[in-house]
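**Q** would you be able to build a 3D model of this:
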Amino acid sequence: MTDNALDPVALARAVAIDAAENPDAVGDYVTQQAMEGGVTDFRFAAVMVGYEGWQWSVTLYHDEELGHWTVDESTLIPSDQALLPPPWVPWKDRLEPSDLTVTDSIGTEQDDPRLERGITEEGMAQVETAVAEDGATNSAEDVHDAVEEFDLSRRRVMSELGRSQTAKRWYDGPHGPKSLSTKTADGNLCSTCGFLIPLRGDLGTMFGVCANRWSPDDGRVVSLDHGCGEHSQIEPPEPSNLWIQTKPAYDDMHIDIVAQSTREERGEVELLEEANNANDSGEADAQEASTSPESAETTESAE
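**A** Numbering: from 1, shown residues only. Down below sits the predicted model:
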């Protein structure tokens, strides 16, 4: 696109309006910057919602021999006062350990600084030679024992940085001295617990593995100054009755009022009760008379 009639600023504004598809989206002229090869960058304020501080950038090429301007490109670029989104972070850098499940796998980079090469047979030979030449106190057998104990013959082993990061992560985590269980453990620390399984190497100076099935830390790495309520020295509480019998409760705040019948209505009932009582007393007297000595003598004389 070329134009000999318009000045470059007017031409750049027209290009910006054409790119914005809205004349109101292109604001005042801001500045221009000459670049190499006859290219000049013209800036206009962007008047759009969400693009505060952004500018329209239109680059024009000036052909001095022909005396006209040619449009190179137009775009939106942010200024120092622009409202920008947060910097983009790669997915692998955004990932947290808690985001992974047992079926996920992200792999390990070959240059992971947490790892270093394990010792090889060639390396073992070099160590043995160095020990023999330097006359060090450690013998070749000691070196072999260390390699075997810590399994340093693996292809890669943890580096000093990896062990340091691990120690910090474990110590600052929920199984370190800052946990709530440690604060309520009343001084019963893992270092004196019989359920603690020590670790080997330099990490063993700070950590161990809990093996108490009743502890919330069972099977987890804990710091030696961590603690919980299941220390091996804590005695179980005294047994108590599962059922506590309470005293019976009496409602003495209310009195039930029972209305009695009138005298006339009770007359027949009382007569029946008196008749029953008389019959009962007559039967009792007859039975007593039949069993008395006098009645027995009368019966014998009659015979």
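**Q** where does pLDDT dip in the stretch 151-300 of the chain?
**A** 240-242, 260-269, 271, 280, 282-300 (pLDDT under 70).
**Q** quick one: the strands in it?
**A** Remark: strands assigned in the stretch 151-300 of the chain by DSSP state E, counting those that start in this stretch are 156-158, 196-198, 207-210, 221-223.
**Q** need these in a markdown table with distance to residue 92, can you?
**A** In this view, the C-beta of every residue, glycine as well, is placed from N, C-alpha and C. Shown next, in a markdown table, are the strands of the stretch 151-300 of the chain (distance: least, CB to CB, whole Å):
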| stretch | distance to residue 92 |
| --- | --- |
| strand 156-158 | 19 |
| strand 196-198 | 34 |
| strand 207-210 | 28 |
| strand 221-223 | 25 |
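**Q** please identify the most buried of these.
**A** Stretch with highest mean neighbour count among the strands of the stretch 151-300 of the chain: strand 221-223 (a mean of 24; mean count of other CB atoms under 10 Å).
**Q** same for that one, what does it pack against?
**A** helix 160-172, strand 207-210 (3 or more CB pairs under 8 Å, 6 or more residues apart in numbering; DSSP states H and E).
**Q** go through these and pick out the most buried.
**A** strand 207-210 comes out most buried of those by mean count of other CB under 10 Å, with a mean of 20.
**Q** contacts for that strand next, please.
**A** Residues outside strand 207-210 that contact it (CB atoms under 8 Å, 6 or more residues apart in numbering): 167, 170, 175, 190, 193, 195-199, 217-224.
**Q** mind checking the SS state of the most centrally placed residue in the chain?
**A** Central residue of the chain (CA atoms, centre = their mean): residue 98, 8.5 Å from the mean position. Using DSSP: H, G, I helix; E, B strand; the rest coil, the structure places residue 98 in helix.
**Q** tell me the contacts of it?
**A** Counting by CB under 8 Å, 6+ apart, residue 98 has no contacts.
**Q** looking at the strands of the stretch 151-300 of the chain, which is closest to residue 249?
**A** With respect to residue 249, and counting by CB to CB, the nearest of these is strand 207-210 at 48.4 Å.
**Q** send me that closest one as CSV with only the CA atoms.
**A** Extracted in CSV, the C-alpha atoms of strand 207-210 (Å, rounded to 0.1, in the frame of the first residue of the first chain):
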residue,chain,number,x,y,z
PHE,A,207,14.3,-38.1,60.2
GLY,A,208,12.9,-41.6,60.7
VAL,A,209,9.9,-43.6,59.7
CYS,A,210,6.9,-44.1,62.0
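**Q** and that strand, which strands flank it?
**A** Sheet pairing here is set by DSSP bridges, and for strand 207-210 it gives strand 196-198 (antiparallel), strand 221-223 (antiparallel).
**Q** just so I know, which of the ones you listed lies nearest residue 183?
**A** In this view, these are compared for proximity to residue 183 by CB to CB, and strand 221-223 is the closest at 13.7 Å.
**Q** what's that closest one in contact with?
**A** With CB under 8 Å, 6+ apart as the test, strand 221-223 has contacts from 170-171, 175-177, 190, 196, 199, 206-210.
**Q** now the helices for the stretch 51-200 of the chain?
**A** 91-94, 121-134, 140-149, 160-172, 180-183 (DSSP state H, counting those that start in this stretch).
**Q** I'd say residue 226 and residue 174 touch.
**A** No. Between residue 226 and residue 174 there is no contact under CB atoms under 8 Å: 9.3 Å.
**Q** more crowded one of these two?
**A** In this view residue 226 and residue 174 are compared by other CB atoms under 10 Å, and residue 226 has more residues nearby, 29 against 15.
**Q** so who does the more buried one touch?
**A** Residue 226 makes contacts with 175, 176, 177, 179, 181, 182, 189, 190, 217, as judged by CB under 8 Å, 6+ apart.
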